[in-house]
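Participant: Sharing a model prediction with you, sequence too.
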Amino acid sequence: MRSARGHRPPWRARLNSEPIDVRELGARVAFALLLMLGAWWAFDHFQPQLLAAKPGTDPNILTPWLIVWSREHDGVELQAAAAGSLVTLGVVFLAIRRRWSFAKLFGWPVQVVIAVLTVGALSRLRATEFEHHPAFDGALRPLLVSLVVAALAHVVGHIVTDRRATWIPVAMLTLPAVTAFCVVTMGMQEDIDYSYLLAPAQKLLQGERLGSFYMQYNLFSTVFTAPLLAFDVDLHRIHLAFGVLFALWLLLYAALAKEVLQKPALVGAFLVALLAVRLVAIRGAPILYPQVSVNRLDLWVPLVLALRKWGVFSPRTAIAMAMGFVADDFFGFLMLGLYVGFVVLHLIEHRDDWGSLRRTAAWCLGAPALVIALHCLIYGSPLAPSATHYANIQLGFLPIEKTSLLWAVLLLFSAALPVVWARSGTQRAVDALLVFIGAAHLIYFYGRSHEHNLLNISGVWLFIAFVFIARVTSLAKPQLALSLAFTTICVFFSSQRAIAKYELVRDVAKNEGVWTYLTKPHVQAPVIDSVRALGWKGRLIAFDHYDGYLQSTLGMEHPGHEAPFFARAQMEDTVRFMIEEMRNGTHVLSLVDRSYWLASFNQRSRVLEEQGVFFAHRPAGRAYEIVLMPR
């Protein structure tokens, strides 16, 4: 069919029931990919200079337990990667928002070339932490995996999207199973990271005000943990509480998928992929370390639900985003900043209609301004003190590998932006903001650039991938094929961890493994009981990974600003603090022999030498008390 002028009409397609120009959309996607490929090349080229731009921390000034973390650093790579990725996506967003036309510049031959370059660049990447098990080599078993995935996606999708809401009781029945799987697959649980959660919670129970002590994670985690300590919940059963929290978060994921993806095939495929990557594929379990728990890395889920329900420019949304910042002053701060940026951009573009936008501006900017002001008043800065602390001492940061899957995620975000903005309606602003939220979460990976951390933040980029699939396809069959193919890949490359976790579950079936650990008192309980028998009172420094828990169970107070004690980084400041506290009657306790750390203090500290003392330890029940001895 020809138009009145005898020319063929422009190619048209329907994207979520809205007409778009496919040629222009393809050109915009090509532009976005080319821009991100250029940023990738620039980062690759200048990475040595970025790593050398800022020296690592001198290990001689560090406490003994942190020296090992000073061996590697990333210079200013974190700042460059974070700014570079957000600026690149920002340029793409502004270009498509301003309706720049790329169809002439990026015709189909250029699009083909960019597609080839993209595929070639992606072929360089290696999934070092996302591997399939050798048992799935060949052709037959992957085919079986795809059939199982299709069946699961079909069942899960239809249950969740059932209009009669029968998915809620079904989900509630699955929550105990998910919780048990989280706990069982931890293996013999590590308590090291939990001290950074338990010690601030103990500070709250002591009645100390916020801002007067160091808080490694977020307020949400601390407030969630404090009642568990108050009711003397055993340490290894606190893991169970975080397993319940993870399982409940899956309900939020299901609600979000139902709201955004809508179609049963997409909803089911996403939830299966989420379980495969966020639960099965990661090392240990999502509750092994509090720093990767859902109440930190998946806090975006309820906030995006609020955005979807009320829209970007709603007072209720502004309050929800502000509360997200209160709950987490790092990720919440990043998301609040992006939200405010979107609001300001909208106000600038509609400045001629300022009279009708005053109420919107008052709420959408007033609520964030209020919580930021309160945060500055309480903590002294708008950003989490723990974030600036680690950025200053450059500990635990790793360079980004050249073959990291990070680049596949960033290319996904680049391609998704033009696609989600192509649809009409108010929800495209929410989808675009979601892409930027995903990019902001990558900052967690830029710091500790271990490939495994991409799996810890996989919830957000998996969801964006499925939103991209939903928006770029309009027919049911392509949607089903693409979503199932993507989910099958996720499940297939999760099989390495799946086999290992299957063995842990099998041990439980034999009444072995972690089951014996959970059904008995904590492994350190006899040692702690022996210390309790000494009748100590007052203040206690836990020279141990059970900081916070020890003070709570022994009925003693946690002294000092740093919570836990192991958050201290500067050796001489730590020595001064210990000497002052010990001379004031504070006990210093370790459940295990820490003589090698004491030797490190004694050999390196000038403060100990100047005061003519050294650290020693002596038995305290079945534990060890650290004491001062004259030289």
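Facilitator: Okay, I see it.
Participant: Quick check on residue 568: phi, psi?
Facilitator: The phi and psi torsions at residue 568 (degrees, to the nearest 10) take the values phi -70, psi 130.
Participant: For the closest residue to it other than its chain neighbours, the count of nearby residues, please.
Facilitator: Leaving aside its sequence neighbours, residue 568 sits nearest to residue 574 (C-beta to C-beta, 6 or more residues apart in numbering; 4.5 Å). C-beta here means a position set from N, CA and C on the backbone, and glycine is covered the same way. Using other C-beta atoms under 10 Å, residue 574 has 21 neighbouring residues.
Participant: Tell me how far residue 574 lies from residue 541.
Facilitator: 10 Å (C-beta to C-beta, to the nearest Å).
Participant: just residue 573 next, same as before
Facilitator: For residue 573 relative to residue 541 (C-beta to C-beta), the value is 14 Å.
Participant: Pick out whichever of those two has more residues nearby.
Facilitator: Legend: neighbour count by other C-beta under 10 Å for residue 573 and residue 541, higher for residue 541 (24 against 14).
Participant: partners of the more buried one in the sheet?
Facilitator: Per DSSP bridges, the residues bridged to residue 541 are residue 588.
Participant: Quick check: it touching residue 584?
Facilitator: No: with contact defined as C-beta atoms under 8 Å, residue 541 does not count as touching residue 584 (11.2 Å).
Participant: Need the residues touching each of the two.
Facilitator: Counting by C-beta atoms under 8 Å, 6 or more residues apart in numbering, no residue touches both residue 541 and residue 584.
Participant: which residue packs closest to residue 605, ignoring adjacent ones?
Facilitator: Residue 605's closest residue in space is residue 575 (C-beta to C-beta, 6+ apart), at 4.8 Å.
Participant: The one you found: neighbouring residues, count only.
Facilitator: Residue 575 has 22 neighbours, counted by other C-beta under 10 Å.
Participant: For it, list the residues it contacts.
Facilitator: Taking C-beta under 8 Å, 6+ apart, we find residue 575 in contact with 601, 605, 607-608.
Participant: centre of the chain versus the helix or strand where it lies, how much separation?
Facilitator: Assigned by DSSP states H and E, residue 575 belongs to helix 571-583. From the chain centre to the centre of helix 571-583 is a distance of 34 Å (C-alpha atoms, centre = their mean, to the nearest Å).
Participant: For that helix, which residues meet the burial criterion?
Facilitator: 571, 574-575, 577-579, 581-582 (16 or more other C-beta atoms under 10 Å).
Participant: and stretch 554-562, how far apart are its ends?
Facilitator: 19 Å (C-alpha to C-alpha, to the nearest Å).
Participant: ugh, wrong one, I meant stretch 100-113
Facilitator: 21 Å.
Participant: what's the answer for stretch 594-612, then?
Facilitator: 21 Å.
Participant: And the strands in the stretch 451-600 of the chain, which stretches?
Facilitator: 540-542, 587-590 (DSSP state E, counting those that start in this stretch).
Participant: contact partners of the last one?
Facilitator: When you say that, I think you mean strand 587-590. Everything outside strand 587-590 that qualifies as a contact, by C-beta under 8 Å, 6+ apart, is 531, 536, 538-544, 550, 556, 578, 581-582, 617, 620, 623-627.
Participant: try 7 Å
Facilitator: Identification of contacts with strand 587-590 by C-beta atoms under 7 Å, 6 or more residues apart in numbering yields 531, 536, 540-544, 550, 578, 582, 617, 620, 623-626.
Participant: next one: the shortest one
Facilitator: With contacts defined as C-beta under 7 Å, 6+ apart, strand 540-542 is touched by 550-551, 554, 556-557, 559, 564-565, 578, 581, 586-589.
Participant: Show me where this protein dips below the pLDDT cut-off.
Facilitator: The model of the chain has pLDDT under 70 over residues 1-20, 131-133, 135-142, 163-168, 187-192, 474-477, 507-523.
Participant: Specify the helix with the largest residue count in it.
Facilitator: helix 22-52 (DSSP state H).
Participant: on contacts alone, who are the packing partners of that helix?
Facilitator: Other elements packing on helix 22-52 under the criterion 3 or more C-beta pairs under 7 Å, 6 or more residues apart in numbering; DSSP states H and E are helix 77-97, helix 108-122, helix 406-421.
Participant: What is the nearest of the contacts of strand 587-590 to residue 234?
Facilitator: Nearest to residue 234 among the contacts of strand 587-590 is residue 550, at 13.0 Å by C-beta to C-beta.
Participant: Provide a list of residues in contact with that closest one.
Facilitator: Contacts for residue 550 (C-beta under 7 Å, 6+ apart) come out as 528, 540, 542, 544, 589.
Participant: Taking these together, which two end up most distant?
Facilitator: 528 and 540 (11.6 Å).
Participant: Could you measure from the closest residue to residue 380 other than its chain neighbours over to residue 230?
Facilitator: Closest residue to residue 380 apart from its sequence neighbours, by C-beta to C-beta, 6+ apart: residue 211 at 7.0 Å. Remark: distance between residue 211 and residue 230 (C-beta to C-beta) = 21 Å.
Participant: again, but for residue 398
Facilitator: 37 Å.
Participant: out of the two, which sits in the more crowded spot?
Facilitator: Higher neighbour count among residue 398 and residue 230: residue 398, with 18 against 13, using other C-beta under 10 Å.
Participant: That one reaches residue 450, doesn't it?
Facilitator: Yes: Residue 398 lies in contact with residue 450 (C-beta atoms under 7 Å); the separation is 6.0 Å.
Participant: Common neighbours of these two, please.
Facilitator: Counting by C-beta under 7 Å, 6+ apart, nothing touches both residue 398 and residue 450.
Participant: and residue 104, that one's in a strand?
Facilitator: No: Residue 104 is assigned coil when assessed by DSSP: H, G, I helix; E, B strand; the rest coil, not a strand.
Participant: neighbours around it, how many?
Facilitator: 9.
Participant: For residue 29, see how far away it is.
Facilitator: Distance, residue 104 to residue 29, by C-beta to C-beta: 15 Å.
Participant: What helix or strand is the residue lying closest to residue 614 once chain neighbours are set aside located in?
Facilitator: The shortest distance from residue 614 to any non-neighbouring residue, by C-beta to C-beta, 6+ apart, is to residue 602 (4.5 Å). Assigned by DSSP H and E, residue 602 belongs to helix 595-604.
Participant: got it, and residue 626?
Facilitator: Counting by DSSP H and E, residue 626 is part of strand 623-630.
Participant: Just give the strands next to that strand in its sheet, each with its orientation.
Facilitator: Here strand 623-630 has these sheet partners by DSSP bridges: strand 587-590 (antiparallel), strand 613-620 (antiparallel).
Participant: Run through who's touching it.
Facilitator: For strand 623-630, contacts defined as C-beta under 7 Å, 6+ apart pick out 527, 530-531, 543, 579, 582, 587-591, 593, 598, 612-618.
Participant: buried residues in that strand?
Facilitator: Quick answer for strand 623-630 (16+ other C-beta under 10 Å): 623-626.
Participant: dump the residue contacts of the most centrally placed residue in the chain.
Facilitator: Nearest residue to the geometric centre of the chain (C-alpha atoms, centre = their mean): residue 297, 2.8 Å. Counting by C-beta under 7 Å, 6+ apart, residue 297 touches 441, 444, 456-457.
Participant: Need the three-state assignment for residue 381.
Facilitator: coil.
Participant: Surely residue 74 is in contact with residue 398?
Facilitator: Yes: Residue 74 is in contact with residue 398 according to C-beta under 7 Å; the separation is 6.3 Å.
Participant: Which element, helix or strand, includes the residue lying closest to residue 86 once chain neighbours are set aside?
Facilitator: In this structure, residue 86 finds its nearest non-sequential neighbour in residue 439, 5.7 Å apart by C-beta to C-beta, 6+ apart. Element membership of residue 439, judged by DSSP H and E, is helix 427-441.
Participant: which residues are contacting that helix?
Facilitator: 85-86, 89, 93, 297, 300, 304, 307-308, 312, 331, 334-335, 338-339, 342, 413, 416-417, 420-421, 457, 460-461, 464, 467.
Participant: Alright, that wraps it up for me.
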